[in-house]
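Asks: Mind looking at a prediction? Sequence and model below.
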Amino acid sequence: MNSHSVTQHIVLFEEAGQRLDNFLFRMAKGVPKTHIYRIIRSGEVRVNKKRADASQKIQEGDVLRLPPLRIAEVKPPSNEYLSEKISSEITILHEDDSILVVDKPSGIAVHGGSGVSLGLIEAMRAQRPDAKFLELVHRLDRDTSGILMLAKKRSALVHLHEQIREGKMEKRYLLIVHGELPVSGKSIPLKYPLLKYLLPNGERRVRVATDGGQLSHTNIRVKANYLDGLCSLVEAQLKTGRTHQIRVHLQAYGHPILGDDKYGNQELDKVVRPKRLLLHARHLSFIHPKTEQKMTFEAPIPEAFEKFEAN
């Protein structure tokens, strides 16, 4: 929050549901509570251009007008500290002189940017100062957990990208979706064309678009039903690798993924109460770029999934 001018803040999904005063206490740490209440009462704070009460609950997408506030400077943690913390949370599944395969937890971005000062790739580079080359082979959304591969040589990256283009790299995901789907060993093809676009705040989104959308193909299999049919465990296999592909395909299919703050159903999430996006990159198989041997990895199923299985 700028301390010298009026600013606007668009309420994010994870900020919604709070009282206005509690939100401002957290956002403006160091500002006396009496001052917060005074600027609310005086109308200097507005919600969607209207006066608001301190007890009003803010909702996702609300536009807050915030007057100048003098906030104590908080020194951010150093990159060295962040890289060590991120690296400590990542499990290395395999490493050799060509590739690095890791199990990424939910909540860690694969690279810095968009409000994230440091991501997995920067942390891995910081922990390997002698590495001359280290690049992501593919990506996972910040809230998606599971297998992620990095290349330690440019030749390896080129070889692996060729496998992706030719459909020789197999990636399978586990996800829990809203609603009851019939359990079957039969594969269901989802082929909704996808188009990228930007929200007014610059955030990236994807939608189904028959006009101008890119060809996109996901195969799904329904493996189990949970909570008396409130949700279903699904395995998804990517045939193409578009941004947010699985998330948007399941939304379009009418069964959004639990805990999805971009393409999900927040009202249904309130009933089931997932603690995170229930999307996990479970399986990866490919041909090693140097040895030409087939390699297969599986990431353990996260605790957030096991909770549903237990019920």
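Replies: It's in. Residues are numbered from 1 along each chain as shown.
Asks: In this protein, what residue spans correspond to helices?
Replies: 20-27, 33-41, 79-89, 120-127, 154-165, 245-252, 266-272, 303-310 (DSSP state H).
Asks: centre of the chain versus the longest one, how much separation?
Replies: To tie it back to what came earlier, the one meant is helix 154-165. On the basis of Cα atoms, centre = their mean, to the nearest Å, helix 154-165 sits 25 Å off its chain's mean C-alpha point.
Asks: Show me the contact partners of it.
Replies: For helix 154-165, contacts defined as Cβ atoms under 8 Å, 6 or more residues apart in numbering pick out 98-99, 133, 135, 137-138, 149, 151, 169, 241, 286-287, 289-290. No exception for glycine: its C-beta is placed from N, CA and C like everyone else's.
Asks: now the shortest one
Replies: Applying Cβ under 8 Å, 6+ apart, the external contacts of helix 266-272 come out as 13, 60, 178, 227, 230-231, 256, 258-259.
Asks: give the contact list for the nearest residue to Arg19 once chain neighbours are set aside.
Replies: Excluding the flanking residues, the one nearest Arg19 by Cβ to Cβ, 6 or more residues apart in numbering is Ser55, at 5.5 Å. Going by Cβ under 8 Å, 6+ apart, Ser55 touches 19-21.
Asks: do the same with Asp53
Replies: 20, 40.
Asks: if you set the cut-off to 10 Å instead, what comes out?
Replies: By Cβ atoms under 10 Å, 6 or more residues apart in numbering, the contact set of Asp53 is 19-21, 40-41, 47.
Asks: And these, which of them are buried?
Replies: Among the contacts of Asp53, those classed as buried by neighbour count (16 or more other Cβ atoms under 10 Å) are 20-21, 40, 47.
Asks: Poorly predicted segments of the stretch 51-200 of the chain, please.
Replies: Within the stretch 51-200 of the chain, the segments meeting pLDDT under 70 span 70-78, 113-117.
Asks: Does Met149 touch Ile121 like I think?
Replies: No: using Cβ atoms under 10 Å, Met149 makes no contact with Ile121, being 11.5 Å away.
Asks: shared neighbours of these two, which are they?
Replies: In contact with both Met149 and Ile121: Leu136, using Cβ under 10 Å, 6+ apart.
Asks: Can you pick out the most distant pair from the buried ones among the contacts of Asp53?
Replies: Using Cβ to Cβ, those span at most 12.0 Å, a distance reached by Asp21 and Val47.
Asks: Show me whatever sits in contact with both of the two.
Replies: Shared contacts of Asp21 and Val47 (Cβ under 10 Å, 6+ apart): 40, 53, 56.
Asks: Could I get the average pLDDT for stretch 225-243?
Replies: Stretch 225-243 shows a mean pLDDT of 93.
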